[in-house]
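Student: sequence first, predicted coordinates after that:
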Amino acid sequence: MRDKQIENLKDYKYGFSTDIESFKAPKGLNEEVIRFISNIKKEPDWLLQWRLKAFERLKVLEEPDWQKPKYPKIDYQDLYYYSAPKSFKEKPKNLEDLDPKLLETYKKLGIPLQEQKRLNGIAVDAVFDSVSVATTFKDTLTEKGIIFCSISEAIQKHPDLVRKYLGSVIPITDHFFATLNSAVFTDGSFVYIPPNVKCPMELSTYFRINASDTGQFERTLIIADKGSYVSYLEGCTAPMRDENQLHAANVELIALDDAEIKYSTVQNWYPGDKDGKGGIYNFVTKRGLCKGKNSKISWTQVETGSAITWKYPSCILKGDNSIGEFYSIAITNNHQKADTGTKMIHLGKNTKSKIISKGISAGKSDMTYRGLVDISKNAANSTNFTQCDSLLMGNKCGAHTVPYIKNKNSNSSIAHEATTSKISEDQLHYCQQRGLNQEEAVGLIVNGFCKEVLQQLPMEFAVEAQKLVGISLEGSVG
Amino acid sequence: MEQKLKTDFDKFISTSNFSNQEIKLKKEALDNFFKKGFPSKKLENWKFSDINQIIQKNIGELAFYNDYNVENEINDDIFIKEIEHNKIVIVNGKVERLSFEYEEKDKINLSTLDNFNQNSNEDNSLLSLNNCFSNKIHNILVKKYYSFKKPLIIYQITNDKVSNTNINFQLNFELEENSSIKIINLSDDNSEKNFINNLFNFNLSKNSILKNYKIDKKNNTNIKYDYSSIIQKENSISETFIFSSGSHYIKNEVNCNLEGKYSSAFINGIHQLSKNKHHEIRSNTKHLYENTKSYQLIKSVIDDSSKSVYQGKIYVDSKAQKTDGYQLSRAVLLNEQAEFNAKPELEIYADDVKCSHGSASGSLDEDSIFYLMSRGLDKKTAKELLINGFLLDVVEKITDEEIKILLKNMIGLN
């Protein structure tokens, strides 16, 4: 029975695609396409100008190539930059109007959009290709003054907030992929938590790429006003396709005085097949700004999918006494590659940061932790602690650690440690002796290895993530 | 700069007597340097120390022609009296004296090389520059089963006759099976504003032992690049100790290739910096075979507006199972303006390995200072005592007792 279950899980269970008619922008990257996107979303002129400015900048930028995983050159002219289900020309007012096929898709993914079916009280914003299809629990949130909607809606309804904060953490002059996103972003989530409000439920966005030849460029903007708190979750899947698909999202977090944002990701994009064919290129820019005093931003990520994962969720600790945290589990198997880590930029006094990174590589995969800790001259009494551990399974994979450490303040301290090892024979033997088969034993040990990070996830996600960790490593031992 | 390089190169060739083969190789090296120029921070290895900029800022226009025909006087006062030793005296990049008076003559073979070591040529323009402008390369071969009776001290002297000049120097060591040598490399700089580019090649055969201690203590305004390439076969041991304090800028690069089983490499270093000095150590240890071991310990004490950099890389090939690699770097920042940068790096392709690194930086522990002060020491003495202990840790790693005592006195750590 158990073996059968494992057999079923070996395949990527989210690999189906929904047969739904979609409405696309013409292929290619040019000014017309940007105008097309802006127009169809009925955006104000300032945003169009902002996009065009980013596009101008993009023309002179070069694609970076310092990363460890190399990939064939992407033809940016051969992509669709906008794709939406046809029924979405006019956004449905409520769930009853939603295309049943879409509802079916999310049901299959285990994300029910009907609120009554949702027991655990998580508000969801579902993004399908380029558009947000539904946001749940709106009423409960509105009562508290919390704004949780798609970014397109926010641009219409809350233009002042968007205009004030959009691009304030990731400016349009940033690196290549971030700028590309600024020019062509289609949808994403927007969250605003008013002063002194503790968000009563977890907010969640579920991303789904469906159409082929499309790139997904979503933009998430979260603002936690003074003294507020929010916990935000992000999940993602895509169908199995033979070609590589690009996902270049931007996520901006802003925490004002005494605010706290907790951002969790369980990333399970299609990783490609056993021979490394297909899969998502996950090139995401995530950056949080601890703008106010005593603010806190915490990133937790479980990265199991994607052909190539290339991202560094970062914290800019600008406010005095602010705190940045980064907890990460990255697992690569078969031909997957990951180059991930974080940046902690200490600018304010008494700032603290903590980095816990666990990397597991199996099969023929390659994993790199790359991180930066930079304590500037004025960041007196700041501390950083970094721990990155890697686990290797087999001798065809690689595990690398590349930390950059810069200390410019004599009152601050940085401690960094890293280890690389394999699962010890003793531990395996012990578990097997007590009746676990080899794969179960490995699963158990790996879960123990990752525990420090899994603990940081909200309950429901933790269970899901724990399962994912097991599945991702199927077939990697023996 | 290009024009200057060309005219200086022609002048250099016409005043020296190199064979046609050597001239050909030197021309190739020059072309290679032309293509790349001085490394800048765009290159990953030079991220923290942009030598192109540093040379521009501190020296400006560099002369590449260095007259190797000049006879330089050697003042015997500079020789170390405490221990008996063999000598190589190098003045301004030219070998002036080679004396192996304490060794058996038939156990050592001294020669000059016709062509330089190509294998250390990896993508490094400074090595090309060195290959191009260095004088005849001396090769010291230690024969089978011979251990040096006394240490070899290499005196690297510059005098006030050179300034704003690029000095290149290269030396080769070959250790045959079961041989061993102890080397102290002592810098004695009396010149200002030169760019000194050194290259040392070590080839270690089975069971051989190399102990190499590099001391840069005398204050000077020179800019230095020092590259050691150590290639190790089965069961060989290399021990490198770096004390870097005197020069304005110095980058010590140690490249160890562990090619034979049971070979091991130890690299330990101290940065003791003040004023606006900028020193870097970069170690690159490659584990290329099973059962190899490496260990690095680097400690920095950084005062005033000086800057210390440590880049340490441990590479483990997929063949190199059972590797044991350990690396630790620690820094104490004494002044607001001081800066410490580190990049400890692991690149691992084998699963049955034990590799770890650690890096910590911060100020002196207030509690420790308080403890010492409460026992009657004034603050200055307390700090000195703590720094002394902090650095002594590295000196204690020196395995040769005689040299350890000598160096302790020389550096002033007790």
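Tutor: Perfect, thanks for sending it. Please read these numbers as outputs of a predicted model, since none were measured by experiment.
Student: neighbouring strands - and their directions - for the helix or strand containing residue A:316?
Tutor: Following DSSP states H and E, one finds residue A:316 within strand A:314-317. Applying DSSP bridges, strand A:314-317 is found paired with strand A:279-290 (parallel), strand A:343-346 (parallel).
Student: just say helix, strand or coil for the closest residue to residue A:78 other than its chain neighbours.
Tutor: Among residues not flanking residue A:78 along the chain, residue A:27 sits closest, at 6.5 Å (Cβ to Cβ, 6 or more residues apart in numbering or on different chains). All C-beta spots, glycine's among them, are computed from the backbone N, C-alpha and C. Using DSSP: H, G, I helix; E, B strand; the rest coil, the structure places residue A:27 in coil.
Student: so what's residue A:27 up against?
Tutor: If a contact means Cβ atoms under 8 Å, 6 or more residues apart in numbering or on different chains, then residue A:27 has A:77, A:78, A:79, A:80, A:213 as its contacts.
Student: who's the fourth one bridged to?
Tutor: Meaning residue A:80. Counting by DSSP bridges, residue A:80 is bridged to residue A:214.
Student: any regions of the chain where pLDDT drops low?
Tutor: I'll assume chain A. Scanning chain A for pLDDT under 70 picks out A:1-13, A:15-16, A:20, A:86-103, A:105-124, A:128-136, A:209-214, A:237-241, A:460, A:474-478.
Student: nope, chain B please
Tutor: B:116-122.
Student: which residues of the stretch 301-450 of chain A lie near chain B?
Tutor: Residues of the stretch 301-450 of chain A that fall close to chain B, judged by Cβ under 8 Å from any Cβ of the partner chain: A:377, A:390, A:392-422.
Student: can I get the strands paired with strand A:314-317 in a markdown table with distance to residue B:26 and mean neighbour count?
Tutor: A markdown table is the format used below for the strands paired with strand A:314-317 (distance: least, Cβ to Cβ, whole Å; neighbours: other Cβ atoms under 10 Å in any protein chain shown):
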| stretch | distance to residue B:26 | mean neighbour count |
| --- | --- | --- |
| strand A:279-290 | 45 | 26 |
| strand A:343-346 | 44 | 25 |
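Student: turn these into TSV, columns for distance to residue B:264.
Tutor: Putting the strands paired with strand A:314-317 into TSV (distance: least, Cβ to Cβ, whole Å) gives the following:
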stretch	distance to residue B:264
strand A:279-290	41
strand A:343-346	35
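Student: quick revisit: any of the contacts of residue A:27 buried? List them.
Tutor: A:79, A:80 (16 or more other Cβ atoms under 10 Å in any protein chain shown).
Student: and which of the contacts of residue A:27 is nearest residue A:170?
Tutor: residue A:79 (21.0 Å; Cβ to Cβ).
Student: now, the residues of the stretch 301-450 of chain A next to chain B that are in strands?
Tutor: A:390, A:392, A:398-407, A:413-422 (DSSP state E).
Student: what residue in the stretch 251-400 of chain B comes nearest to chain A?
Tutor: residue B:362 (3.0 Å; Cβ to the nearest Cβ).
Student: which bits of chain B sit near chain A?
Tutor: B:44, B:47, B:318, B:321, B:331, B:333-336, B:338-363.
Student: so among the residues you listed, which ones count as buried?
Tutor: Buried members of the residues of chain B next to chain A, scored by 16+ other Cβ under 10 Å, are B:321, B:331, B:333-334, B:338-351, B:353, B:355-363.
Student: the residue of the stretch 251-400 of chain B closest to chain A and residue A:413 touch, don't they?
Tutor: Yes. Contact criterion Cβ atoms under 8 Å: residue B:362 and residue A:413 qualify, at 3.0 Å.
Student: now do the shared contacts for those two.
Tutor: Here residue B:362 and residue A:413 have residue A:407 as joint contacts, going by Cβ under 8 Å, 6+ apart.
Student: which residues touch whichever residue of the stretch 51-200 of chain A sits closest to chain B?
Tutor: Proximity of the stretch 51-200 of chain A to chain B (Cβ to the nearest Cβ) peaks at residue A:66, 7.3 Å away. For residue A:66, the contacting residues are residue B:44, by Cβ under 8 Å, 6+ apart.
Student: any idea how far whichever residue of chain A sits closest to chain B is from residue B:339?
Tutor: Residue of chain A nearest chain B, by Cβ to the nearest Cβ: residue A:413 (3.0 Å). Distance of residue A:413 to residue B:339, computed by Cβ to Cβ, to the nearest Å: 14 Å.
Student: can you check residue B:385 too?
Tutor: 25 Å.
Student: same check on residue A:188?
Tutor: The gap separating residue A:188 from residue B:339 is 39 Å, by Cβ to Cβ.
Student: next secondary structure after the helix or strand residue A:23 falls within?
Tutor: Under the criterion of DSSP H and E, residue A:23 resides in strand A:22-24. Where DSSP H and E defines the elements, the next helix or strand beyond strand A:22-24 is helix A:31-40.
Student: residues making contact with that following helix?
Tutor: A:25, A:26, A:47, A:48, A:51, A:52, A:55, A:81, A:82, A:183, A:184, A:186.
Student: the third one: neighbouring residues, count only.
Tutor: If you count neighbours by other Cβ atoms under 10 Å in any protein chain shown, residue A:47 ends up with 16.
Student: element containing it?
Tutor: Using DSSP H and E, residue A:47 maps to helix A:45-60.
Student: using CSV, write down the CA coordinates of that helix.
Tutor: These are the backbone C-alpha positions of helix A:45-60, laid out as CSV (Å, rounded to 0.1, in the frame of the first residue of the first chain):
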residue,chain,number,x,y,z
ASP,A,45,-1.0,57.1,-17.4
TRP,A,46,1.7,57.4,-14.7
LEU,A,47,2.0,53.6,-14.5
LEU,A,48,2.3,53.3,-18.3
GLN,A,49,5.1,55.9,-18.2
TRP,A,50,6.7,54.0,-15.4
ARG,A,51,6.6,50.8,-17.4
LEU,A,52,8.0,52.5,-20.4
LYS,A,53,10.8,54.0,-18.4
ALA,A,54,11.7,50.6,-17.1
PHE,A,55,11.7,49.3,-20.7
GLU,A,56,14.0,52.1,-21.8
ARG,A,57,16.4,51.1,-19.1
LEU,A,58,16.0,47.4,-20.0
LYS,A,59,17.4,48.1,-23.5
VAL,A,60,20.8,49.1,-22.1
